[in-house]
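Asks: need a structure here:
(one chain, ligands or ions: 1)
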Amino acid sequence: MDRLLVLCRHGESEWNKLNLFTGWKDPGLTEKGVAEARAAGQKLKALGLGFDLCYTSALKRAQTTLDLILAELGQTDLPIVRDQALNERDYGELSGLNKDDARQRWGEEQVHIWRRSYDIPPPGGESLKDTAARVLPYFEAHIMPDVMAGRRVLVAAHGNSLRALIMKLEGLTGEEIIKRELATGVPIVYRFAEDGAILSRQDLAA
Ligand SMILES: O=C(O)[C@H](O)COP(=O)(O)O
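Replies: Presented below is the predicted three-dimensional model:
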């Protein structure tokens, strides 16, 4: 039985390109982001991978990325579950602000703490720990049971919601996971043993 889980961060969004904090705001993909998503689909296809079921967030940059991957795979008829539990970390008051402007206003160090500490939330937003507290129960209730039942699952989501998943899957600490940068549009392919242990992990970088 194939216990396959592929995680993919969305392709570059309009706000990634403009260097804006995004969080739960809902910009679309740039042309580059569309190309990244198509390339992700082509890489999965080149490995001969196919899926039975997909999960994504309630945000269109992830949903469009998933649609573009599925189009490359010729699997546009797959069931897709969309849930805001998989949304990006909520950036609170930083959402929509330029990252350089925020550094000028609050200082480089404070902005870095908000972006890359495990449990310090930005004003009015979620820390990575808060994000994990809503992503992981969803993952354990829905996604992992599908994988362990032999359904091949593709998840298109966000830098920080995927960090939360990877932390759990790979048994990393908060300190370890905040150092992991996830590139846009790069699929990460996991295979699992019968007892849920990871058999292999492959990052399909360019
Ligand atoms: O929400 C955002 O702005 C980005 O998708 C992720 O932001 P980060 O690189 O600060 O974690």
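Asks: For the helix ranked longest in the chain, which outside residues touch it?
Replies: In the chain, taking DSSP state H as the definition, the longest helix is helix 31-46. Residues from elsewhere that reach helix 31-46, judged by CB atoms under 8 Å, 6 or more residues apart in numbering: 6, 8, 10-13, 16-17, 29, 61, 64-65, 68-73, 154, 184-187, 189, 204, 206. Glycine gets a C-beta too; all of them are placed from N, C-alpha and C.
Asks: Just these: which are in strands?
Replies: Judged by DSSP state E, those include V6, C8, L154, P187, V189 as members of strands.
Asks: I'd like to know which of the contacts of helix 31-46 are buried.
Replies: 6, 8, 10-13, 16, 29, 61, 64-65, 68-70, 72-73, 154, 184-187, 189, 204 (16 or more other CB atoms under 10 Å).
Asks: Restricted to helices, list these.
Replies: Counting by DSSP H, the buried ones among the contacts of helix 31-46 contribute N16, R61, T64, T65, L68, I69, L70, E72, L73 to helices.
Asks: Can you add distance to the ligand and pLDDT and give those residues back as TSV?
Replies: Below are these laid out as TSV (distance: CB to the nearest ligand atom, whole Å; pLDDT from 0 to 100):
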residue	distance to the ligand	pLDDT
N16	7	97
R61	8	98
T64	15	98
T65	12	98
L68	18	98
I69	18	98
L70	22	98
E72	23	98
L73	25	98
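Asks: Find the pair from those residues with maximum spatial separation.
Replies: Put simply, by CB to CB the two of these set farthest apart are N16 and L73, 24.1 Å from each other.
Asks: Contact residues of the chain facing the ligand?
Replies: With the criterion set to CB under 6 Å from any ligand atom, the chain comes near the ligand through F21, T22, G23, E88, Y91, R115, H158, G159, N160.
Asks: Farthest pair within these?
Replies: Maximum pairwise distance among the residues of the chain next to the ligand (CB to CB): 13.7 Å, between R115 and H158.
Asks: This completes my enquiry, with thanks.
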